[in-house]
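Peer 1: could you look at this predicted model? Sequence included:
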Amino acid sequence: MNALRVRDLHARHGRREVLRGADLQVPPGSITALLGQNGSGKSTLMRAVLGLHPGARGVIEVLDLPPGAGGLLVRQRAALVPTGGTVMPGETARTHFAFGERVYGTWNRAMALATAGALHVPLDQPAGKLSTGQRMGLAVAYAFGSGCQLLLLDEPTNGLDPEHRERLAGLLAAHAAEGYAVLLSSHVLPEVEGLADRAAFLKEGRVVLEADLDELRAQHAVVQAILPDVLPAGTLRHLESVAGVERLDVQGRTLTLQVRGAREAVLAAIAAARPVDVQVRPRPLAEVYADLLGGAA
Ligand SMILES: Nc1ncnc2c1ncn2[C@@H]1O[C@H](COP(=O)(O)OP(=O)(O)OP(=O)(O)O)[C@@H](O)[C@H]1O
């Protein structure tokens, strides 16, 4: 069973169809990154899951609830932290937590307090007087405290300084290790790479690729070889034609190839040129993102 399964989700803002049949899943214990350019519909998708986007159509399955269970039931099982970490500006963190205790049957006060402590959220200051990062920390502490098995976090590291980003990453990893499922959006791809285990790429209203990040790293590699001599044009043409080679670049005696899928044939062809050194490394997520979605993250 998935913690979240979305099928054929459609949603519009006015006349514009933002989601056009999006499919997505988040297994329990997974931190799945929802990636896409500005305006691609990430927030819309998250809101639609919680029944907060009027007119959204599609099949949404949350945990063991029946498909289409409805927003009220879903919001008892899934918590959303919107961009900016919306909170009640006049209320302190303590009041938020007392409120959470009444709202959620699964409320975990110790978890809310521990999360707020780890993120250095002042407990007795009105939320409206907290800094952007502290307000995000409060929203995250509230979501963790809810006890919800599915967390939807819309750019949760926004406003957090490097120390608190790292702290949040640790908290999320620990949460996922206990079986909680997280769907988070972010534009900070190096951070996503260290945090998420899966990624879903949203483009033109659809998820164009959903992949395990380890598999993605295994599939998309950069092979770099230092050769004893400049390669003859014929050998280069042969290398370019080897299955899986997507791009080839030569700078003097340094050969760089972008390879997709199995690399045996490419490595065999390079070995024939008696390289001085060969290195294979996964392509950074930002490059895969740019290939799939265009531009930079
Ligand atoms: N309240 C609204 N009224 C009208 N259009 C909206 C509204 N909210 C979002 N949109 C439009 O819907 C599209 C998707 O917006 P959404 O906020 O879901 O994108 P996003 O992927 O979360 O973007 P970002 O990465 O910038 O946060 C955008 O084109 C946006 O202009």
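Peer 2: Thanks, I have the structure now.
Peer 1: so Leu73 is in which element?
Peer 2: helix 71-77 (DSSP states H and E).
Peer 1: mind listing what's buried in that helix?
Peer 2: Gly71, Val74, Arg75, Gln76, Arg77 (16 or more other C-beta atoms under 10 Å). Using the backbone N, CA and C atoms, a C-beta is placed for each residue, glycine as well.
Peer 1: among those residues, which pair sits farthest apart?
Peer 2: The largest separation in the buried residues of helix 71-77, counting by C-beta to C-beta, is between Gly71 and Arg77 at 11.0 Å.
Peer 1: would whichever helix or strand comes after the helix holding Leu73 count as contacting the ligand?
Peer 2: Proceeding N to C from helix 71-77, the next assigned helix or strand is strand 78-81, under DSSP H and E. No. Judged by C-beta under 6 Å from any ligand atom, strand 78-81 stays clear of the ligand, getting no closer than 12.3 Å.
Peer 1: tell me which residues of stretch 78-93 come out buried.
Peer 2: Judged by neighbour count using 16+ other C-beta under 10 Å, the buried positions of stretch 78-93 are Ala78, Ala79, Leu80, Val81, Pro82, Thr83, Gly85, Val87, Glu91, Thr92, Ala93.
Peer 1: and stretch 242-254, by the same measure?
Peer 2: Buried-residue list, stretch 242-254, by 16+ other C-beta under 10 Å: Val242, Gly244, Val245, Leu248.
Peer 1: CA atoms of it as PDB?
Peer 2: The C-alpha coordinates for stretch 242-254 follow below in PDB (Å, rounded to 0.1, in the frame of the first residue of the first chain):
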ATOM      1  CA  VAL A 242      27.900   3.300 -28.800                       C
ATOM      2  CA  ALA A 243      24.500   2.600 -27.300                       C
ATOM      3  CA  GLY A 244      23.800   4.800 -24.300                       C
ATOM      4  CA  VAL A 245      26.100   7.600 -25.200                       C
ATOM      5  CA  GLU A 246      24.000  10.800 -25.100                       C
ATOM      6  CA  ARG A 247      26.800  13.400 -25.300                       C
ATOM      7  CA  LEU A 248      30.500  13.300 -26.000                       C
ATOM      8  CA  ASP A 249      33.000  16.100 -25.300                       C
ATOM      9  CA  VAL A 250      36.700  16.200 -26.000                       C
ATOM     10  CA  GLN A 251      39.200  18.700 -24.500                       C
ATOM     11  CA  GLY A 252      42.700  17.700 -25.600                       C
ATOM     12  CA  ARG A 253      43.300  14.200 -24.100                       C
ATOM     13  CA  THR A 254      40.300  14.400 -21.800                       C
END
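Peer 1: rounded mean pLDDT for it, please.
Peer 2: In this model, stretch 242-254 has a mean pLDDT of 93.
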